[in-house]
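Enquirer: Give me a model of this one.
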Amino acid sequence: MTHPGQGLPSALIQDTFEGGNQWTTQEGFGLSLSRKLLNRMNGQVRYVREHNKCYFLIDIELKTKKEREKTSQADKTRMT
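Expert: The predicted model follows:
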């Protein structure tokens, strides 16, 4: 989903992606928390600002049910 216009203010982007734990706004806190959650899930989020539009690009790998079952079965085998 893209949003037309100027996008998020630069200060909010900096607060979210570069500010560490200095969240100065509620939005910065929410975006930073979302970014950290995605990182824990081996994913990442980037904010992209292009001519006349902006968007968040999220990259995450999700396992299928079969892949989860296979991993679970392998873990059980190693434990015995």
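
Enquirer: residues of stretch 54-67 that come out buried?
Expert: Cys54 (16 or more other CB atoms under 10 Å). Yep, even glycine has a C-beta here, placed from its N, CA and C like the rest.

Enquirer: Give me the neighbour count for the residue nearest to Ile58 when sequence neighbours are not counted.
Expert: Counting by CB to CB, 6 or more residues apart in numbering, Val45 is the residue found nearest to Ile58 once chain neighbours are left out, at 5.0 Å. Other residues within reach of Val45, judged by other CB atoms under 10 Å, total 18.

Enquirer: tell me the SS of Lys63?
Expert: coil (DSSP: H, G, I helix; E, B strand; the rest coil).

Enquirer: Which stretches in the chain count as strands?
Expert: 3-4, 44-50, 53-59 (DSSP state E).

Enquirer: before we move on, back to that, okay, the residue nearest to Ile58 and Gly30: tell me how far apart.
Expert: Per CB to CB, to the nearest Å, Val45 is found 12 Å from Gly30.

Enquirer: Flag the shaky bits of the protein, pLDDT-wise.
Expert: Within the chain, the stretches falling below the threshold (pLDDT under 70) are 1-5, 15-24, 80.

Enquirer: what sits against the residue nearest to Ile58?
Expert: Ser34, Arg35, Leu38, Phe56, Leu57, Ile58, Asp59 (CB atoms under 8 Å, 6 or more residues apart in numbering).

Enquirer: From His51, how far out is the second one?
Expert: Between Arg35 and His51 the distance is 25 Å, computed by CB to CB.

Enquirer: Looking at these two, which one has more neighbours?
Expert: In terms of neighbours (other CB under 10 Å), Arg35 is the more surrounded of Arg35 and His51; the figures are 19 against 5.

Enquirer: Which residue is the nearest non-sequential neighbour of that one?
Expert: Going by CB to CB, 6+ apart, Arg35 has Val45 as its nearest residue, at 5.2 Å.
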